[in-house]
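Peer 1: for reference, the sequence and a predicted model appear below.
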Amino acid sequence: MNAAERYNAMVTARQQQQSRFATPFGESYWERFAHTYRFDPHRLPEASIREVIRRMEMEDDIIEVGGGAGRVGLTLALRGKSLRNVEPSAAMREQFRLAVWQHGIQNAEAIASSWPMEEAISADLVVTADVTYFISEIESFLRAMHEAARRRVAILTWTVPPPNVNAALFRLAFGEDEAPSPGFRELLPVLWEMDIVPDVLLADEGFAWPERRPTNDDEALQFIYRELSPRDEEAVAERLRPRLGELFMRDDAYFPAWRTPSQAMLITWETN
């Protein structure tokens with residue numbers, strides 16, 4: 001089994017486990033939560049995004065693969081020539097277009113497609129953020145990025161993939177270890193076997209996400225449901241309500257104590 005096959009097997013194992021315990025991340029999920037992925041593109045860019053910007057040129061046209069609501073791509077579009085967001089989710093594209101309209105951005109568009117696309121597409125910079133963990137055909141995904149990029153590919157990821165930061169909570173909720181999503185340790189060998197040797201940068205940016213913190217036990221359970229999307233919420237509540245005191249640190253609100261710390265990474269290479 002080569003690196004790509006091992007990677008794909010991890011994605012499949014995760015999907016199969018999730019199908020037993022959790023509601024799949026289909027379009028109904030994104031319809032509920034897509035708005036939480038819309039950020040102000042004029043904010044001070046996070047450290048990992050700043051590293052991408054440092055490697056850009058003013059006339060760059062950009063493709064973002066699975067760019068969602070534009071958290072990364074629209075920030076780059078403000079500093080480049082154009083952005084095409086290749087995004088399969090209609091709910092995410094709607095939030096992207098809302099952000100474009102809200103901030104008066106004239107050089108960005110969303111394309112309804114999965115990746116790789118059926119028709120050829122290219123740009124100076126091809127970027128993706130927090131997508132590779134879910135890709136079950138990783139070699140074709142990466143090769144399409146490489147072939148589409150006239151100058152550079154950039155992959156934004158984390159030392160611990162976001163799908164894995166709730167592993168301790170998953171174990172308590174469902175009684176078995178969570179099948180991990182593949183991260184940089186699995187991704188890099190795939191690239192090496194493709195004869196791609198990227199630069200790897202650790203950014204000064206810990207994993208965080210804007211979220212409303214619970215203020216009581218009932219809200220804490222709702223918070224957990226959003227994290228795990230369990231099929232059987234009652235069973236999870238029965239297991240976890242007695243353990244909320246250890247799962248959350250408390251001051252004026254509840255803060256999740258189970259998450260594994262993670263740090264932002266940039267994996268990037270030139271294609272010319």
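Peer 2: On my side now, so go ahead.
Peer 1: now the helices for the stretch 51-200 of the chain?
Peer 2: For the stretch 51-200 of the chain, helices defined by DSSP state H, counting those that start in this stretch occupy the ranges 73-77, 90-102, 138-148, 167-174, 184-193.
Peer 1: quick one: buried residues of the second one?
Peer 2: Judged by neighbour count using 16 or more other Cβ atoms under 10 Å, the buried positions of helix 90-102 are 91-97, 99-100. Heads up, the C-betas are built off the backbone N, CA and C, glycines and all.
Peer 1: will you turn those into TSV that also has pLDDT and distance to Leu142?
Peer 2: Compiled in TSV, these are given as follows (pLDDT from 0 to 100; distance: Cβ to Cβ, whole Å):
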residue	pLDDT	distance to Leu142
Ala91	94	26
Met92	96	22
Arg93	97	23
Glu94	97	28
Gln95	97	26
Phe96	98	23
Arg97	98	28
Ala99	98	27
Val100	98	28
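Peer 1: of those, which is the nearest to His35?
Peer 2: Nearest to His35 among these: Gln95, at 5.8 Å, using Cβ to Cβ.
Peer 1: pretty sure that closest one sits against Thr36.
Peer 2: No: judged on Cβ atoms under 8 Å, Gln95 makes no contact with Thr36 at a distance of 9.0 Å.
Peer 1: mind checking which helix or strand of the chain has the lowest mean pLDDT?
Peer 2: Least confident helix or strand, the chain: helix 27-33 with a mean of 74, by mean pLDDT, DSSP states H and E.
Peer 1: neighbouring contacts of that one?
Peer 2: The contact list for helix 27-33 (Cβ atoms under 8 Å, 6 or more residues apart in numbering) reads 23, 89-92, 226, 229.
Peer 1: over to stretch 5-19?
Peer 2: When contacts are defined by Cβ under 8 Å, 6+ apart, stretch 5-19 is touched by residues 1, 24, 133-138, 163, 178-182, 186-187, 189-190.
Peer 1: rerun that using 6 Å as the cut-off
Peer 2: For stretch 5-19, contacts defined as Cβ atoms under 6 Å, 6 or more residues apart in numbering pick out 136, 138, 179, 181-182, 186, 190.
Peer 1: in ChimeraX, how would I select just the buried ones from those residues?
Peer 2: Remark: buried members of these, expressed as a ChimeraX selection using 16+ other Cβ under 10 Å:
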select :138,179,181,182,186,190
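Peer 1: just name the closest of the contacts of stretch 5-19 to Leu202, please.
Peer 2: Proximity of those to Leu202 (Cβ to Cβ) peaks at Glu186, which lies at 17.2 Å.
Peer 1: leaving out the residues flanking it, which one is nearest to that closest one?
Peer 2: Among residues not flanking Glu186 along the chain, Tyr7 sits closest, at 4.9 Å (Cβ to Cβ, 6 or more residues apart in numbering).
Peer 1: which of the residues in the helix or strand containing that neighbour are buried?
Peer 2: If you go by DSSP states H and E, Tyr7 is part of helix 3-21. For helix 3-21, the neighbour count (16+ other Cβ under 10 Å) marks 3-4, 7-8, 10-11, 14, 17-18, 21 as buried.
Peer 1: quick one, that helix and helix 138-148 angle?
Peer 2: With axes from the mean of the first three to the mean of the last three Cα atoms, to 10 degrees defining the directions, helix 3-21 sits at 120 degrees from helix 138-148.
Peer 1: how distant is helix 3-21 from the center of its chain?
Peer 2: Distance of helix 3-21 from the chain centroid (Cα atoms, centre = their mean, to the nearest Å) equals 16 Å.
Peer 1: that one - what's its average pLDDT?
Peer 2: For helix 3-21, mean pLDDT is 97.
Peer 1: got it, and stretch 179-195?
Peer 2: Stretch 179-195 carries an average pLDDT of 99.
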